[in-house]
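Engineer: Sequence plus predicted model, see below.
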Amino acid sequence: MKIAVASGKGGTGKTLVATNLFNVIQKSGFAVDLIDCDAEEPNALQFIQADLLTQKSVTQNIPVIDKDACTFCGKCQEYCHYNAIVVLPELQHIQVVEDLCHDCGACEYACQAGAISWKTKKTGTILTYAVNHGSSLIEGRIEIGVYSSVPLIKEALRISPQHQLAILDAPPGTSCPFIATVGSADFVILVTEPTPFGLNDLMLSVEILQQLDKPFGIIINRAGLGDHRVYDFIAENKLLLLGEIPFDPRIAKSYSEGKLITDSMPNYQKHFSQLFSRIKKHLQYDRNSYT
């Protein structure tokens, strides 16, 4: 089972939920993976005591065009759906825009002159850490200047130890990295806040998950702050409200010190254990409804 923890915007408490849910599950003796898919700014490791086991470089193939062999026919540009090749036949000029290349190989297929070879470019690193009770933390870190973190996220998901349960800490927003993460999940926890920004981005996230036909539930963080429009939206659309985390300065203090609230504030151990139980019950009900 893969549970993704996501949000339509940054700063809602997504990592707070992901790390504390992981902490409660792994301390119960259940082997679980925490995969930090926010490759542009991973921070789960700041809250988890772990020992580095392995690290792996992730690379991408980039086309190299031999201008002496190139006929400047423009077929490679025509076949490239990502606009990563610029051809100016009248100037006998051709150029690869490396940041836009997706390593799909269409350009090589299109080239009849055999002018395309390949070079390797490092796009990021995946680090695997050992945590207590046989659990693990997998972290993707993208290289500075790399345009897309999607290949790195997919590789991190692929090489995870494949325990019975994985918690995926998704990137913020609703763009391609978000979709790459939640697309592999069996259930998605959407973390929001009771503010106009929180509602707007929750609506975007809900729309995407409904299009992907992904089961999901919502946690409202900083409950008691803001207004009730988030609650009205959830009620009107008959969405699953998994729970609330109150607006509490003690939580902010614990988080700023790199501490897990399930350790520093023991009452939250029960809170997150109950959250996990609700998700399991919902998934079981959802699966039974299709049988």
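Structural biologist: On my side now, so go ahead. The model shown is predicted, which means the values in this text are computed figures rather than measured ones.

Engineer: Please work out how many residues are found near the closest residue to residue 198 other than its chain neighbours.
Structural biologist: Closest residue in space to residue 198, ignoring its immediate chain neighbours: residue 192 at 4.5 Å, by CB to CB, 6 or more residues apart in numbering. For every residue, glycine as well, the C-beta is placed using N, CA and C. When neighbours are defined as other CB atoms under 10 Å, residue 192 has 28 of them.

Engineer: Now do the contacts for residue 192.
Structural biologist: Residues counted as contacts of residue 192 (CB atoms under 8 Å, 6 or more residues apart in numbering) are 7-8, 12, 198-199, 201-202, 218-221, 230.

Engineer: Out of those residues, which sit inside strands?
Structural biologist: 218-221 (DSSP state E).

Engineer: Now for these, which sits with the most neighbours around it?
Structural biologist: residue 220 (26 neighbours).

Engineer: Looking at it now. What's its pLDDT?
Structural biologist: With respect to pLDDT, residue 220 scores 97.

Engineer: same thing with residue 286?
Structural biologist: 57.

Engineer: ok, the contacts of residue 192 vs residue 73, which is closest?
Structural biologist: Residue 73 lies nearest to residue 8 out of the contacts of residue 192, by CB to CB, at 44.0 Å.

Engineer: ok, residue 127 touching residue 152?
Structural biologist: No. Using CB atoms under 8 Å, residue 127 makes no contact with residue 152, being 11.5 Å away.

Engineer: Kindly reformat the contacts of residue 192 as a markdown table and extend each row with distance to residue 22.
Structural biologist: Shown next, in a markdown table, are the contacts of residue 192 (distance: CB to CB, whole Å):
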| residue | distance to residue 22 |
| --- | --- |
| 7 | 17 |
| 8 | 22 |
| 12 | 18 |
| 198 | 23 |
| 199 | 27 |
| 201 | 23 |
| 202 | 23 |
| 218 | 19 |
| 219 | 15 |
| 220 | 20 |
| 221 | 17 |
| 230 | 25 |
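
Engineer: between those residues, which is nearest residue 54?
Structural biologist: residue 7 (29.3 Å).

Engineer: got a list of what that closest one touches?
Structural biologist: Contacts of residue 7 (CB under 8 Å, 6+ apart): 13-14, 170, 172, 190-192, 201, 205.

Engineer: quick one: residue 143 and residue 99 touch, right?
Structural biologist: No. If you go by CB under 8 Å, residue 143 and residue 99 don't touch, sitting 11.6 Å apart.

Engineer: between those two, who's got more neighbours?
Structural biologist: Neighbours were counted for residue 143 and for residue 99 using other CB under 10 Å; residue 143 has more, 15 against 11.

Engineer: now the helices for the protein?
Structural biologist: 14-27, 75-79, 106-110, 150-159, 176-182, 196-212, 229-236, 249-256, 261-264, 267-288 (DSSP state H).

Engineer: Spatially central residue for the chain, please.
Structural biologist: For the chain, the residue nearest the mean C-alpha position is residue 170 (2.8 Å; CA atoms, centre = their mean).
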